[in-house]
Each structure stands twice: as structure tokens, then as C-alpha cells.
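Trainee: attaching a predicted model along with its sequence, questions to come.
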Amino acid sequence: MKCYHCGSNIDNPTKRQRDSFHRCGRAYCNKQCSSAASSIMSSKRMAETNRKYAAVISQRMKTDNPMNCPEVRRKMAATLNRIGHAPVVRGGNGAGMTRCQEVFLEKVGKNIARPEYAISLGRHESGYPTNYKVDIAIPDHKIAVEIDGASHGLIERQRQDVKKDEKLASLGWKVFRFTNDDVDENVDFCVRLVSAEIRRRGRVINND
């Protein structure tokens, strides 16, 4: 029996693990793997729901959105100018590595991992860029690691993340997503998950 999330062997499964495996074909080696898998599945379900109702919501916003009125837009612009409002400048691709990304890269090993790595999508396909940039990549084994900040909790950003992950998976890449909190609280566990995937793909990371 293997862990449904990280693929590690479950040598002495508990009754709960056996029951879960027989009931739904999934068992987990620990609570962290169970929580991580639940989060991924929840995000996918949310993305599917969003896609299902996106057209209806979009049409409603076009019809009822007060910002369609030029006078409302003028008043809003005047108010924002008066209070000195400006968009928040935040990081992202091209802004350099975050602290959590640097910590993770150091743990995995700069000899095999590449930061801010661009993955070519090959022939251009409508609805997709020519490449996707990932926070950290292990190109030899087609493993990508994304370390997400708070903005990835937004519904639209989650939809984009699912689309990106599915596209990379179709090209043979394994994508791991961790939050900044995951890295801060238990970076060694995150690295072990990636190490397990590397072992399956033919190489062991030496973290010593």
C-alpha cells in the first residue's frame, strides 16, 4: 500500500488506513499528506465549480455592474485620487526569489534545482502562453515546485494555478505546490516529498 499523495510505502497500515484504501482507493502515510491531498482536491473542485458558473456570473456583472456607468467611474476616480490610493506593488515572476523560495532551494540543493525556471510549452496553443515559469525546477526529472504567497488564495488565481498544473502535467512534469507557511513551519517535510518523487524518477537528493 502506498500513500496516495507522496507515494511512500505504508508498511504497517492501521485499520483506518486499510478502511480508507478499500473504501475510496486512497490512504495516506500521515496527517500532513492527507491535508495536502485534501487541499489539492478541494482546489480542483472549486475550479470546476467556478468554470461551471463563470458565464452566468460574468453576464450578471456586465448587466448590473455600476462601473458601467461613466458618472460612477468618474466619481470613483476622483475619490481614489483624493485619498491618494495606488495599487499595491507585489512580487511575482521577475521580481526575484522570495525568502521561502531561497530557503527551499538551499535545502533541495542548487546543484540540481533551478530557480525561476521557464518551461516551454512547445507549439503555441490558444489560451496558453509560450512557456510557464515555475519558482523552482529540477529539470533532469521534470519536477516543478511552486511556493505560493497569499495571493494564490484568490479564486481567479486558483483557477490559473490549476490550469497551469494540468498543462505541465500533460507534458510529463510533476508539480508540487507549497505555501509560504508550509516552508516556514516544516521545510524538511516539503523537501522529503520532492525527494521521494526524485527517487521514483531515478535520483536521490542528499540533504546532508
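Mentor: Received the coordinates, thanks.

Trainee: tell me where this structure has strands.
Mentor: Residue ranges of the strands in the chain, as given by DSSP state E, are 114-120, 131-138, 143-148, 174-179.

Trainee: and the spatially most central residue of the chain, how far is that from residue 190?
Mentor: Relative to the mean C-alpha position of the chain, the nearest C-alpha, by CA atoms, centre = their mean, is the one of residue 177, at 4.0 Å. The gap separating residue 177 from residue 190 is 10 Å, by CB to CB, to the nearest Å. In short, each C-beta sits where N, CA and C put it, glycine included.

Trainee: next: residue 135.
Mentor: Here the distance between residue 135 and residue 190 works out to 12 Å (CB to CB).

Trainee: ok, back up a step: format the strands of the chain as JSON lines; extra columns: mean pLDDT and distance to residue 79.
Mentor: Supplementary listing: those in JSON lines, determined by pLDDT from 0 to 100; distance: least, CB to CB, whole Å:
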{"stretch": "strand 114-120", "mean pLDDT": "94", "distance to residue 79": "38"}
{"stretch": "strand 131-138", "mean pLDDT": "95", "distance to residue 79": "37"}
{"stretch": "strand 143-148", "mean pLDDT": "95", "distance to residue 79": "33"}
{"stretch": "strand 174-179", "mean pLDDT": "95", "distance to residue 79": "35"}
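
Trainee: return the most buried member of the ones you listed.
Mentor: Mean neighbour count, computed with mean count of other CB atoms under 10 Å, is highest for strand 143-148 among the strands of the chain, reaching a mean of 23.

Trainee: okay, the strands of the chain in a markdown table with distance to residue 105 next?
Mentor: Shown next, in a markdown table, are the strands of the chain (distance: least, CB to CB, whole Å):
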| stretch | distance to residue 105 |
| --- | --- |
| strand 114-120 | 6 |
| strand 131-138 | 6 |
| strand 143-148 | 9 |
| strand 174-179 | 12 |
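
Trainee: so which of those gets nearest residue 32?
Mentor: Ranking the strands of the chain by their distance to residue 32 (criterion: CB to CB) puts strand 174-179 first, at 11.0 Å.
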